[in-house]
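Trainee: Let me see the structure of the following:
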Amino acid sequence: MIRIALYTCPQTVLSSLSMADDAFRLANQLAGEPLFGLQRVSADGQPVQLGYAQLRVDGDLSLADQADLLLIPATGSALERTLEHNTALLAWLATRPQHQQLASLCSSACLLAAAGQLDGRRATTHWALADNFSQRFPKVRLQIDQLFTEDDNRFCSGGAQAGLDLCLHLIAVHGGDWLAQRVAGALVVERERGGQSRFAPLLPMAGQDDPLIAPLLRWLQQHHAQAIDLPLLAERANCSTRTLLRRFKAATGLTPNDYLQRLRISAAQSALRNPARSLEQVAAQVGYADRATFAKLFKQLCGETPGAFRKRLRQPLAE
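Mentor: Next comes the predicted model:
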């Protein structure tokens, strides 16, 4: 039996904890035997208040000493608060032997990193935390596009539902790929879902507060397929190209050309859902005369080719 300790604290995201618990218990059910033994632990062994629910635990961190795997569910985006309130866990993590497996879901990679357990190792976390994480933990080899990583008995998952991808991987490691596939089928989820980059929004949620830029963004939404250059945009905004570049970057974080390309590729994602339109037609519809240029930029921004994107949308879930 693989002994798994699920760490809980007041910052634990309840849905992340329950997702992991459900996946391993379902694996036991489908295997017809208790392959995974689950215990919940807290820093002091006391029940943990998680929003509207108080969670009972089986013991404190000493109970996890003999676990084969310690798994830390997501703890939210407030990394500083998480680190500040889990000093006992950090001290415990720092003493863990190499043979004991340590795993984090989503934002909780910060706990493994702060304890030095990810130094020099590949890791991932939620794509929205990439910059903050890299600045805090420069010794970690962050691979933010990965849904999950494995490096020398240290496991991390990307954002939210990527935690399930990691749990399925751990089930495959300890129970076989056949079992992981059966669990995925029962949960009606795909395995091998690609990278996180295709889940990150292409366009920033910004720019609407600038009276110069906001109407320009609305105009681009309607005319992105046209031939557009910087002088044309500056003319529409009634300002110099220099002023437009400065204000546009300040408002959106992107140059006008970068924003335009992302807008076109975002429109292409919607157009590709129509199977009646060829890739050449989709490229032309959103403003690209050359299919090759369109495909290259699509893969760069979305992490997959237009053809792969369309195929994934139409592919039924394997049993």
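
Trainee: drop to CA atoms for contacts and neighbour counts, all remaining ones
Mentor: OK.

Trainee: can you list contacts of the longest helix seen in the chain?
Mentor: Using DSSP state H, we find that the single longest helix of the chain is helix 14-31. Contacting residues not belonging to helix 14-31 are listed as 6, 34-36, 38, 50, 73-74, 105, 160, 163-164, 167-168, 171, 179-180, 182-183 [CA atoms under 8 Å, 6 or more residues apart in numbering].

Trainee: Give me the mean pLDDT for that helix.
Mentor: Confidence over helix 14-31 (mean pLDDT, whole number) is 97.

Trainee: which is the next helix or strand following it?
Mentor: Note on helix 14-31: by DSSP states H and E, the next helix or strand toward the C-terminus is strand 36-41.

Trainee: what helices or strands is that following strand leaning on?
Mentor: strand 2-7, helix 14-31 (3 or more CA pairs under 8 Å, 6 or more residues apart in numbering; DSSP states H and E).

Trainee: Could I get the ones you listed in CSV, plus columns for distance to residue 59 and mean neighbour count?
Mentor: Output for the helices and strands packed on strand 36-41, formatted as CSV (distance: least, CA to CA, whole Å; neighbours: other CA atoms under 10 Å):
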stretch, distance to residue 59, mean neighbour count
strand 2-7, 10, 21
helix 14-31, 16, 18
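
Trainee: Out of those, the one nearest residue 287 is which?
Mentor: helix 14-31 (40.8 Å; CA to CA).

Trainee: Report the rounded mean pLDDT for stretch 147-164.
Mentor: 95.

Trainee: could you dump it to CSV, C-alpha only?
Mentor: Extracted C-alpha coordinates of stretch 147-164, given in CSV (Å, rounded to 0.1, in the frame of the first residue of the first chain):
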residue,chain,number,x,y,z
LEU,A,147,0.6,20.8,-16.6
PHE,A,148,2.8,18.8,-14.1
THR,A,149,6.5,18.1,-13.5
GLU,A,150,8.4,15.2,-12.0
ASP,A,151,12.0,15.6,-10.9
ASP,A,152,13.8,13.3,-8.5
ASN,A,153,10.7,12.4,-6.4
ARG,A,154,9.5,16.0,-6.4
PHE,A,155,6.2,16.6,-8.2
CYS,A,156,4.3,19.8,-9.0
SER,A,157,1.2,20.6,-10.9
GLY,A,158,0.0,23.7,-12.7
GLY,A,159,-3.2,25.6,-12.1
ALA,A,160,-6.5,24.3,-10.8
GLN,A,161,-7.5,21.2,-12.7
ALA,A,162,-3.9,20.4,-13.6
GLY,A,163,-3.8,19.0,-10.1
LEU,A,164,-5.9,16.1,-11.4
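
Trainee: residues making contact with that stretch?
Mentor: 16, 19-20, 23, 74, 98-107, 109, 117-118, 121-127, 144, 146, 165-166, 194-196.

Trainee: one step back: can you say which of the contacts of helix 14-31 are buried?
Mentor: Among those, those buried by neighbour count (16 or more other CA atoms under 10 Å) are 6, 35-36, 38, 73-74, 105, 160, 163-164, 167-168, 171, 179-180, 182-183.

Trainee: re earlier: only whichever of the contacts of stretch 147-164 are buried, select them in ChimeraX.
Mentor: Command for ChimeraX, covering only those of those found buried under the criterion 16+ other CA under 10 Å:
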select :16,19,20,23,74,100,101,102,103,104,105,106,107,109,117,118,121,122,123,124,125,126,127,144,146,165,166,195,196
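
Trainee: pLDDT below threshold where in the chain?
Mentor: By pLDDT under 70, the low-scoring segments of the chain are 315-319.

Trainee: any idea how far the closest residue to residue 158 other than its chain neighbours lies from residue 103?
Mentor: Nearest residue to residue 158, sequence neighbours excluded (CA to CA, 6 or more residues apart in numbering): residue 125, at 4.2 Å. Separation of residue 125 from residue 103 (CA to CA, to the nearest Å): 11 Å.

Trainee: just residue 74 next, same as before
Mentor: Applying CA to CA to residue 74 and residue 103 gives a distance of 11 Å.

Trainee: one step back: do you know which of the helices and strands packed on strand 36-41 lies nearest residue 66?
Mentor: Nearest of those (CA to CA): strand 2-7, 8.0 Å.
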